[in-house]
Every structure is written in C-alpha cells, then in structure tokens.
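>>> got a structure for you, letters missing:
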C-alpha cells in the first residue's frame, strides 16, 4: 500500500503564463532531476547550497547579490558557515514569477562554477529564512508616505 504525501502544486504569478512557467520550472525541480523543491505554499522554489569554505559561500552570495541588483529581484535567504539556503518567490503579484525561475537557474550555474560540494536537502538556514520572511512584512510593496 502506498502513502500519498501532501505535495505542493506550483502557484504562478498572474503575469507568468502557466504553460510556459511549467515548462521553464520543470527541469529545475528535484522530481525531474533538478535540485530545487517547491516551497510548502507552492509559491516559491528553494534549496540549499554547500561549499567547501565560508569564503567560497560568501563569494557565491556576492555574485547572486550583484545579479539581484541587475534583475531588481531578491531572495529570501540565510547563511550558516558554508551553507546558504535560498528561496525564490515573488510577493507582488504573489507566486512564482519568471524572475524566480531565471534566478534559480542563475544560482545553479554559479554554484557549479564555484565548485558546490553538496546540494542534498538540508534544513540549515530554512527556519531562519522562514522567520525573517514572516517578521519582515511585505518587503516589495512601496511604503505609503505619511502626511
């Protein structure tokens, strides 16, 4: 007898064609040989990256941060020593966006170039990223000016 587990379905941003989005996302997911998993909500993709040293991990994070400036998009992420947890999601409009998929692919490419030593599922940093994302509020909606 097999057990059915609660597997999230991808939820795409309203400005990302679902058919195209599914095609773009599919090769990244671990169910299809990729290294990313859907977040519990289905509105993001997430994974951990492990490098040999903290310095190499920091180099990876700096490269990703520079691309974030170019794409005007940021992750929910955390770092513990040689492991960085990254979640790509879009807050407005909510769901997985084309930028999330592009940035996930970019992260994979850069990790390979920098000599990633492990990508096994790891909970390192996930709880921290979850807490900060929750406590941080909606980072992507312009704040209203008082007065």
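Cool, got the structure. Small disclaimer: the values here were computed from a predicted structure and weren't measured.

>>> tell me where the model's unsure across this protein.
1-7, 119-147 (pLDDT under 70).

>>> ok now the strand ranked longest in it, how far from the chain's centre?
Criterion DSSP state E: the longest strand present in the chain is strand 83-91. Taking C-alpha atoms, centre = their mean, to the nearest Å, the mean C-alpha location of strand 83-91 is offset from the chain mean by 3 Å.

>>> direction included, what does it pair up with?
strand 44-50 (antiparallel), strand 76-80 (antiparallel), strand 94-95 (antiparallel) (DSSP bridges).

>>> residue 40 touches residue 11, doesn't it?
No. When contacts are counted by C-beta atoms under 8 Å, residue 40 is not listed as touching residue 11 (11.3 Å). Yep, even glycine has a C-beta here, placed from its N, CA and C like the rest.

>>> higher neighbour count, those two?
More neighbours surround residue 11 than the other of residue 40 and residue 11, with 17 against 11 (other C-beta atoms under 10 Å).

>>> measure that one to residue 86 for me?
Distance of residue 11 to residue 86, given as C-beta to C-beta, to the nearest Å: 19 Å.

>>> now do residue 65 against residue 86, distance only.
Where residue 86 is concerned, residue 65 sits at a distance of 11 Å (C-beta to C-beta).

>>> which of these two has more neighbours?
Ranked by neighbour count (other C-beta under 10 Å), residue 65 and residue 86 place residue 86 first, with 25 against 12.

>>> identify the bridge partners of that one.
Beta-bridge partners, per DSSP bridges, of residue 86: residue 47, residue 77.

>>> show me the helices in the protein, by range?
Counting by DSSP state H, the chain has helices at residues 18-25, 54-71, 98-113, 126-135.

>>> winner for burial among the ones you listed?
Of all the helices of the chain, helix 98-113 has the most neighbours on average by mean count of other C-beta atoms under 10 Å, namely a mean of 19.

>>> what angle do it and strand 83-91 make?
Relative orientation of helix 98-113 versus strand 83-91 (axes from the mean of the first three to the mean of the last three C-alpha atoms, to 10 degrees): 160 degrees.
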